[in-house]
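Student: Just a sequence and a predicted model for now, questions to come.
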Amino acid sequence: MSHYDQGGWEAVIGLEVHAQLKTESKLFCGCSASFGAGPNENTCPVCTAMPGVLPVLNRRAVDYAIRAALATDSKINRISRWARKNYFYPDLPKAYQITQYEQPYCEHGKVSVEVDGKATVVGLTRIHMEEDAGKNVHDPRADRSLVDLNRASVPLLEIVSEPDIRSPAEAAAYMRKMRSILRYLGICDGNMNEGSMRCDANISLRKRGSDTLGTRTETKNLNSFRAVEKALAYEIERQAEILNSGGSIVQETRLWDADRGVTRSMRGKEEAHDYRYFPEPDLLPLEIDDEWIERVRAALPELPDARRNRFIRDYQLPEYDAAVLTASKELADYYERAVARHNNPKSLSNWVMGDIIRIANESAGEAEADYSSIPLSPEKLAAMVALIDDGTISGKIAKSVFTKMVESGEEPAVIVEREGWVQLSDSSQLEAMVVEMLEANADKVEEYRGGKEKLFGFFVGQVMKASQGKASPQLVNKILKEKLS
């Protein structure tokens, strides 16, 4: 496990991840749970808390919750209970949130993460179901705040980790892994910029080697992996500075200010009793029997770790390649479609991890790359690699073909034919080019034969330049070796 050291202090970090479930309707009513509707369009008397209405539990949300429990090796409680968490805020129409408190539906899970080649296991205290609140929209120009209740009662999982994380990098790796698992399961889209996956971070410092936990703060508003890492790094530095100067940490809730790169105090940290939890009188206890669990288990998809191991086994990929490709379900799907078209797993892995990820990142800008809308089909990428493998084009020409394919969407063979990029594989023609190049560089030939063997690369480059990159590198190498021996 990697440790983040700040003057002998060790960070102790636990994360609370809130993941919106990708159900069609809300947790306790039939309103649409989709993102992007006009303000307050997806609302009804139940989610706006009109008098006399009653909640009805969404069974699909429980299916999804069971998937998350099974994927994180958690213990599913056969009976769990709903509770009311009471607090007043404009975006909470009932003035309480329906959640689970003393008896959540699952506990004691775990997730393995890797940082700098070192694996560690982060324990999960619990996962519980709850409804989301609405959203306050602040309009500084009009000096007012508006309330949009479209998100009110959208189903959430709150995934609470043990304080097993020791660095900002580990925290970001844990978030990425959790997002990957939820997306593989198909239960959360993980779009952090839309708020469908959010994170609060609890952090304290203790002297390295000590078992005594320090006073913790909670930082909210972490809506990207970069924000998680930067906010924790800032908070570690801030707390260490206070402790080193003889001060003490105040237990409080803080807000990450991304524009200024600092955390700011919001309010004193709430304790459980501040919320006056009590059993939800309008909902029966949730009973999850073995048959329900096994039905969900039977429909589970292949998960990231299993897929990574299969890529190593079946495609003979290095561990690094397999980890990069399977971190995103969409990227792994893309890669497998390419391999199904042309069986050269390592070459396709190189192209996907290099140029495909690059163009996906370029089109995403500051946002997280979206591998579900790569502007080049995996079949066309595979067809291009096949042209390299059968000697039609060189690897260097392939870079130009790739660029043209992305721009035009044309088949690689069409581009190669039109541009006249077919590789020169005529040995007599290439031999004449090699002889001409060696005669023009007689002095360097003498140097090469005198022991300056690094000049071989220069000779290859000169022939490739003369052929405008069309010469077969393998054939050029072969002819050069013959002529220079």
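Tutor: Yes, it's here. This one's a predicted model, so the numbers in the text were calculated from it and none came from an experiment. Residues are numbered from 1 along each chain as shown.

Student: tell me the centre residue of the chain?
Tutor: The centre of the chain sits closest to residue 176, judged by CA atoms, centre = their mean, with a distance of 4.2 Å.

Student: my guess is that one contacts residue 226, does it?
Tutor: No - using CB atoms under 8 Å, residue 176 is not in contact with residue 226; the gap is 11.3 Å. In short, each C-beta sits where N, CA and C put it, glycine included.

Student: can you give me the helices in the stretch 301-450 of the chain?
Tutor: 304-315, 319-326, 329-341, 345-351, 357-364, 378-389, 395-408, 412-419, 427-440, 442-449 (DSSP state H, counting those that start in this stretch).

Student: Which of these sits closest to residue 265?
Tutor: helix 357-364 (33.3 Å; CB to CB).

Student: Specify the angle between the closest one and helix 395-408 in degrees.
Tutor: Counting by axes from the mean of the first three to the mean of the last three CA atoms, to 10 degrees, helix 357-364 lies at 30 degrees to helix 395-408.

Student: just to revisit the earlier point, including mean neighbour count, mean pLDDT and distance to residue 462, could the helices of the stretch 301-450 of the chain go into JSON lines?
Tutor: JSON lines is the format used below for the helices of the stretch 301-450 of the chain (neighbours: other CB atoms under 10 Å; pLDDT from 0 to 100; distance: least, CB to CB, whole Å):
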{"stretch": "helix 304-315", "mean neighbour count": "17", "mean pLDDT": "96", "distance to residue 462": "37"}
{"stretch": "helix 319-326", "mean neighbour count": "19", "mean pLDDT": "94", "distance to residue 462": "34"}
{"stretch": "helix 329-341", "mean neighbour count": "20", "mean pLDDT": "96", "distance to residue 462": "34"}
{"stretch": "helix 345-351", "mean neighbour count": "19", "mean pLDDT": "97", "distance to residue 462": "26"}
{"stretch": "helix 357-364", "mean neighbour count": "15", "mean pLDDT": "87", "distance to residue 462": "29"}
{"stretch": "helix 378-389", "mean neighbour count": "20", "mean pLDDT": "95", "distance to residue 462": "22"}
{"stretch": "helix 395-408", "mean neighbour count": "17", "mean pLDDT": "92", "distance to residue 462": "14"}
{"stretch": "helix 412-419", "mean neighbour count": "16", "mean pLDDT": "91", "distance to residue 462": "23"}
{"stretch": "helix 427-440", "mean neighbour count": "15", "mean pLDDT": "83", "distance to residue 462": "5"}
{"stretch": "helix 442-449", "mean neighbour count": "13", "mean pLDDT": "84", "distance to residue 462": "9"}
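
Student: could you dump those helices to JSON lines with distance to residue 155?
Tutor: JSON lines is the format used below for those (distance: least, CB to CB, whole Å):
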{"stretch": "helix 304-315", "distance to residue 155": "23"}
{"stretch": "helix 319-326", "distance to residue 155": "27"}
{"stretch": "helix 329-341", "distance to residue 155": "21"}
{"stretch": "helix 345-351", "distance to residue 155": "37"}
{"stretch": "helix 357-364", "distance to residue 155": "27"}
{"stretch": "helix 378-389", "distance to residue 155": "33"}
{"stretch": "helix 395-408", "distance to residue 155": "39"}
{"stretch": "helix 412-419", "distance to residue 155": "45"}
{"stretch": "helix 427-440", "distance to residue 155": "65"}
{"stretch": "helix 442-449", "distance to residue 155": "70"}
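
Student: Residue 114 is nearest to which of those helices?
Tutor: Nearest to residue 114 among these is helix 319-326; the distance by CB to CB comes to 7.2 Å.

Student: what about the closest one, distance to the chain center?
Tutor: How far helix 319-326 lies from its chain's middle: 13 Å, per CA atoms, centre = their mean, to the nearest Å.

Student: Tell me which other helices or strands that helix touches.
Tutor: helix 304-315, helix 329-341, helix 345-351 (3 or more CB pairs under 8 Å, 6 or more residues apart in numbering; DSSP states H and E).

Student: possible to save the ones you listed as JSON lines with distance to residue 190?
Tutor: Putting the helices and strands packed on helix 319-326 into JSON lines (distance: least, CB to CB, whole Å) gives the following:
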{"stretch": "helix 304-315", "distance to residue 190": "13"}
{"stretch": "helix 329-341", "distance to residue 190": "10"}
{"stretch": "helix 345-351", "distance to residue 190": "24"}
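
Student: closest to residue 53 out of those?
Tutor: Proximity to residue 53 (CB to CB) singles out helix 329-341 among the helices and strands packed on helix 319-326, at 37.9 Å.

Student: where does the stretch 151-300 of the chain dip in pLDDT?
Tutor: Along the stretch 151-300 of the chain, the parts satisfying pLDDT under 70 run over 268-273.

Student: now swap in the stretch 1-150 of the chain and tell me
Tutor: 1-7.

Student: does residue 68 sit in a helix or strand, and which one?
Tutor: Using DSSP states H and E, residue 68 maps to helix 59-71.

Student: circling back: nearest to residue 107, of the helices and strands packed on helix 319-326?
Tutor: helix 304-315 (21.2 Å).

Student: Keeping just the C-alphas, turn the closest one into PDB.
Tutor: C-alpha atoms of helix 304-315 as PDB (Å, rounded to 0.1, in the frame of the first residue of the first chain):
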ATOM      1  CA  PRO A 304     -13.400  -6.100 -14.400                       C
ATOM      2  CA  ASP A 305     -10.900  -8.300 -12.500                       C
ATOM      3  CA  ALA A 306     -12.300 -11.500 -14.200                       C
ATOM      4  CA  ARG A 307     -12.100  -9.900 -17.600                       C
ATOM      5  CA  ARG A 308      -8.600  -8.700 -17.000                       C
ATOM      6  CA  ASN A 309      -7.500 -12.200 -16.100                       C
ATOM      7  CA  ARG A 310      -9.200 -13.600 -19.200                       C
ATOM      8  CA  PHE A 311      -7.400 -11.100 -21.400                       C
ATOM      9  CA  ILE A 312      -4.000 -12.200 -19.900                       C
ATOM     10  CA  ARG A 313      -4.900 -15.900 -20.400                       C
ATOM     11  CA  ASP A 314      -6.700 -15.900 -23.700                       C
ATOM     12  CA  TYR A 315      -5.000 -13.000 -25.600                       C
END
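
Student: got the angle for that helix vs helix 319-326?
Tutor: 120 degrees.

Student: Please name every helix or strand in contact with helix 304-315.
Tutor: Packing contacts for helix 304-315, counted by 3+ CB pairs under 8 Å, 6+ apart, involve helix 168-185, helix 319-326, helix 329-341, helix 345-351.

Student: who touches it?
Tutor: For helix 304-315, contacts defined as CB atoms under 8 Å, 6 or more residues apart in numbering pick out 112, 177, 180-181, 184, 302, 317-319, 321-323, 325-327, 329, 332, 339, 345-346, 349.
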